[in-house]
Structures are given as structure tokens and as C-alpha cells.
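S.K.: sequence and predicted structure are below.
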Amino acid sequence: MATLSLHSAELKIYIFGSGGKPTTPNYTLAKTKLTGEDTINFEISELIKDYVDVTFDGSYVDAVTTKFVETALTRTFKGTVNGTEVTTTDASPLERKFIAFRGYGSNFDINSYNIDTNPYFETNVNPTLSRDILISNSKIYVPRGEDINVPFFTNGDDGAYQVDFLDGTTVTTTEITGGNISDITADKDDIKADNFTGVLDVFTADMTLLRSEDASGSNKIKTTSETTTSVRYKLANGGSRSIPVELIDECKYDPYKITFLNRYGALQDLWFFKKRTDEFSVEREQYSKTILTTNSTGVIFNPNHHQSNLLDVSSDRAFRMNTGFISEDHNEVINELMVTEFCWLTDGEIIPVKPTTSSMVRKTELNDKLINFEVEFEYANSYIQNVR
């Protein structure tokens, strides 16, 4: 009679972009099962995150927000067969293919817009990705005549497969998304090697999607229609949903667009329509030095020389922008903007910036009537060029 149990496991992780899978793994992890445990867990999200470098130069097509991930898990079992000690290893590794996003889990309900008191930690473990639109707001605000960029999750089983831009009831633009993607889970990476069945039991990852070889993780759909009033998307399971678009004709202030990486790991646009205030700050040190010199006539000094000198002058630029009156569901969008790691301002060119607002009071239509958000940003580059 054979009694074999899991003893150890080795996990190879390959992380790559469009250049193709590397010949050697980026990481090789090995663990031995702890006494009293039935599984071996590998937490790999932080390892993968180091390789997901987000780049954006104004082109959503060329933007990089994901990496391909392939894993190979090999398990070793030990036990007795007819009284003899036996060690056996999987004949071939258990392989999985993924797309990794820099996102995070949340219990935010895009349909009801109800937020739990602690939505990002205690109330849900490994929450799943959105299965259609990859934004948290229920309404889109955009200046009339500007591009409307909307990220979608595409999945052959239950994701969005067709997106229509409508002017009233008339379809002005249609996009077929395609791609064979299915989401796994979010917020944590676990690989569990099942002790008995020989099947990979659980594989979860931070905003990671199971993919086919030719699939893309998410699509950025765009229209430039002057009169888009809603975006309707059809799901592969037969459902259809829509999100209204409000075109803003701002006559007093110049609107500015912020593009940031939201909690889904997708690039999202947020327009600020109202007052912008720019600030400039300088930090400096100073020291005093002698301005005395000597020559054949004795000790002299030049009154045009600086006796008090500046040292290590540095400067930062900051600005505050106001959204104007928008809907209550944008509380979550502002939260995501405040915690984002990647953010750009469109101001004639694409400029990397960083949100510096550290607190925000949640606003409701009941309490505040008209809702406006003010967010402070800093430029992510120094005013004095210090690239060396």
C-alpha cells in the first residue's frame, strides 16, 4: 500500500514583455512543507511587481502597464510503498500563464456605489477584478471634442466583447474587443500544491489574468465623436450595460487631463475643469566666505563679490486643480488617484506628476449638494535640471 504525501516544491517564475519568454527564470523558489501543513504556499506578487514598469507617453496603444508571467511548479512527494521509503517528483511541471497588472483589491461595488467601512482589507480576501469596464465611476465627464478613453476587461467567457459610443440612440463608433482572457483573483499571490489530487489547487495573484498566447489583458477603447452621450458595452454572457457621458463646455477655465494608474491596473483619464493654482517653492542653504584678497599694495576686497553665498539651491513646483461639479461616485476615483504610483498631466505635453493630497473628506449629494474635489499635485521632476 502506498502512502505518499507532499514533501517539497520548486517554483520557476518567468516575467517578460513583448520580447518573449526568457530562457532562464527570473526567480526560482523552493520550499519544504512545514510540519502539520498539507500545502506549500508561494507568495509572488511583490516579486512580479518589481518587473511591471508602467510607461506612458500620451499614446494609450504604446503604453506599458502589464507583463506576461509564466510559472512552472514541480512537486516532490515522499512516503512508503510496501514498507519501502519512496521519493517521487512530478514527471513534468505544472505550468500556468498569466498577465500581471499593478492593481489592488477592493470591495467597492460599481453598481451600488456602496463602500464598506474597511473595503481594502478585512471584508474580502482575494477580490476579483471587474469583468467589464475598468473604472470605478458611473459617469464620465470630458470636454466636448476631446478623446474619450475607456479601459475594458476583455474575456472570451464573460468580459466585454463589443463597445458602442452613442449620440442619443445613434451608434457613432463601434469597437470589437476580442481576446481570450479570464481573471483569476486579486490582492494576493498564492500557489498551493495539492497533497493528494495531483492538481494545482489554487493560484492567485495581484490583479493577474489567465491568458492565451495571443491575448491582451485590457483594451483602451477611444472615440473622438463631438456628441457622445453614452458608452454601451456588451458582455460575452449576453448582458449589456451603459455608462453616461457628459460633455462639458467650459467657458472660463482651461480643462486639464490627469492620466493615472487606477486600482484595476489600467490607465484612467480624469478631467479637471475649474480653477488651477500654481505654486513655486525654493529650498536653499547659505554660507559666508571671506572676500579679502591680497596684492602688492596690501589687503583689499572687491565690493562686487558675494560675502553671503548660496549652496544647494533646489526648487519644486506644485499646483492645485478643481474638478468642477461631478457625481458622487467620483469619491472612489479620487481615492484611487491619491494612492496611485503613476500619474501624468497633459499640458501641451505629457508631464509626470504625483498627487500630494494626503486626506480627503468623502462627499455626498445629500450633505454637499454640488460636489467638487480639489487635488494638489507636484511635478515629479526638479525645476533645476539635475539628471546626471
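M.R.: That came through, no problem.
S.K.: and the helices in the chain?
M.R.: For the chain, helices defined by DSSP state H occupy the ranges 45-49, 330-339, 365-368.
S.K.: for the first one, which positions count as buried?
M.R.: With burial defined by 16 or more other C-beta atoms under 10 Å, the residues of helix 45-49 counted as buried are 45, 47-49. No exception for glycine: its C-beta is placed from N, CA and C like everyone else's.
S.K.: columns pLDDT and distance to residue 67 on top of these, output as CSV?
M.R.: What follows is these, written out as CSV (pLDDT from 0 to 100; distance: C-beta to C-beta, whole Å):
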residue, pLDDT, distance to residue 67
45, 85, 12
47, 91, 11
48, 90, 7
49, 89, 9
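S.K.: need the winner for burial among the helices of the chain.
M.R.: Counting by mean count of other C-beta atoms under 10 Å, helix 330-339 has the highest mean neighbour count of the helices of the chain, with a mean of 20.
S.K.: quick one: low-confidence parts of the stretch 1-150 of the chain?
M.R.: Scanning the stretch 1-150 of the chain for pLDDT under 70 picks out 1-2, 106-131.
S.K.: out of the buried residues of helix 45-49, flag the one nearest to residue 26.
M.R.: Nearest to residue 26 among the buried residues of helix 45-49 is residue 47, at 7.7 Å by C-beta to C-beta.
S.K.: any idea how far the closest one lies from residue 14?
M.R.: Using C-beta to C-beta, to the nearest Å, one gets 12 Å for the distance from residue 47 to residue 14.
S.K.: name the residues contacting each of those two.
M.R.: Counting by C-beta atoms under 8 Å, 6 or more residues apart in numbering, the residues touching both residue 47 and residue 14 are residue 26.
S.K.: one step back: can I get the helices of the chain in JSON lines with distance to residue 61?
M.R.: Formatted as JSON lines, the helices of the chain follow (distance: least, C-beta to C-beta, whole Å):
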{"stretch": "helix 45-49", "distance to residue 61": "24"}
{"stretch": "helix 330-339", "distance to residue 61": "23"}
{"stretch": "helix 365-368", "distance to residue 61": "37"}
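S.K.: and those helices: which comes nearest residue 153?
M.R.: Residue 153 lies closest to helix 330-339 among these, at 16.1 Å (C-beta to C-beta).
S.K.: C-alpha coordinates for that closest one, PDB please?
M.R.: What follows is helix 330-339, C-alpha atoms only, in PDB (Å, rounded to 0.1, in the frame of the first residue of the first chain):
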ATOM      1  CA  HIS A 330     -16.100  60.000  -8.100                       C
ATOM      2  CA  ASN A 331     -15.200  59.700  -4.400                       C
ATOM      3  CA  GLU A 332     -13.700  56.400  -5.200                       C
ATOM      4  CA  VAL A 333     -11.900  57.800  -8.300                       C
ATOM      5  CA  ILE A 334     -10.300  60.500  -6.200                       C
ATOM      6  CA  ASN A 335      -9.200  57.800  -3.600                       C
ATOM      7  CA  GLU A 336      -7.600  55.800  -6.300                       C
ATOM      8  CA  LEU A 337      -5.800  58.900  -7.700                       C
ATOM      9  CA  MET A 338      -4.500  59.800  -4.200                       C
ATOM     10  CA  VAL A 339      -2.800  56.300  -3.800                       C
END
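S.K.: now tell me what touches it from outside.
M.R.: Applying C-beta under 8 Å, 6+ apart, the set of residues contacting helix 330-339 from outside is 108, 113, 115, 135-137, 258, 260, 262-263, 268, 270, 323, 343, 355, 357-358, 360, 362-363, 371, 373, 375.
S.K.: list buried residues within those residues.
M.R.: Of these, these count as buried by 16+ other C-beta under 10 Å: 108, 113, 115, 135-137, 258, 260, 262-263, 268, 270, 323, 343, 355, 363, 371, 373, 375.
S.K.: burial count for residue 163?
M.R.: Using other C-beta atoms under 10 Å, residue 163 has 23 neighbouring residues.
S.K.: from the contacts of helix 330-339, which land in strands?
M.R.: 258, 260, 268, 270, 343, 355, 375 (DSSP state E).
S.K.: quick one: the last one from residue 357, how far?
M.R.: What that stands for is residue 375. 5 Å.
S.K.: what do you get for the third one?
M.R.: Shown here: residue 268 relative to residue 357, a distance of 17 Å by C-beta to C-beta.
S.K.: same check, this time on the fourth one
M.R.: Here the criterion is C-beta to C-beta. By it, residue 270 lies 13 Å from residue 357.
S.K.: what sits up against stretch 343-357?
M.R.: 56-58, 256-261, 318, 337-338, 340, 374-381.
S.K.: filter those to the buried ones?
M.R.: 56, 256-261, 318, 337-338, 340, 375, 377.
S.K.: which one of those is nearest to residue 25?
M.R.: The closest of those to residue 25 turns out to be residue 261 (C-beta to C-beta; 26.6 Å).
S.K.: with adjacent residues omitted, what lies nearest to that closest one?
M.R.: Leaving out its chain neighbours, the residue that sits closest to residue 261 by C-beta to C-beta, 6 or more residues apart in numbering is residue 342, at 4.2 Å.
S.K.: over to residue 53?
M.R.: Spatial nearest neighbour of residue 53, excluding adjacent residues (C-beta to C-beta, 6+ apart): residue 64 at 6.8 Å.
S.K.: count the residues that sit near that neighbour.
M.R.: 13.
S.K.: what's near enough to touch it?
M.R.: When contacts are counted by C-beta under 8 Å, 6+ apart, residue 64 is found next to 17, 53-56.
S.K.: isn't residue 139 right up against residue 244?
M.R.: Yes. Counting by C-beta atoms under 8 Å, residue 139 touches residue 244, with 5.2 Å between them.
S.K.: who is residue 55 paired with across the strands?
M.R.: residue 64 (DSSP bridges).
S.K.: what's the spacing between the most centrally placed residue in the chain and residue 338?
M.R.: Nearest residue to the geometric centre of the chain (C-alpha atoms, centre = their mean): residue 265, 3.0 Å. Distance, residue 265 to residue 338, using C-beta to C-beta: 17 Å.
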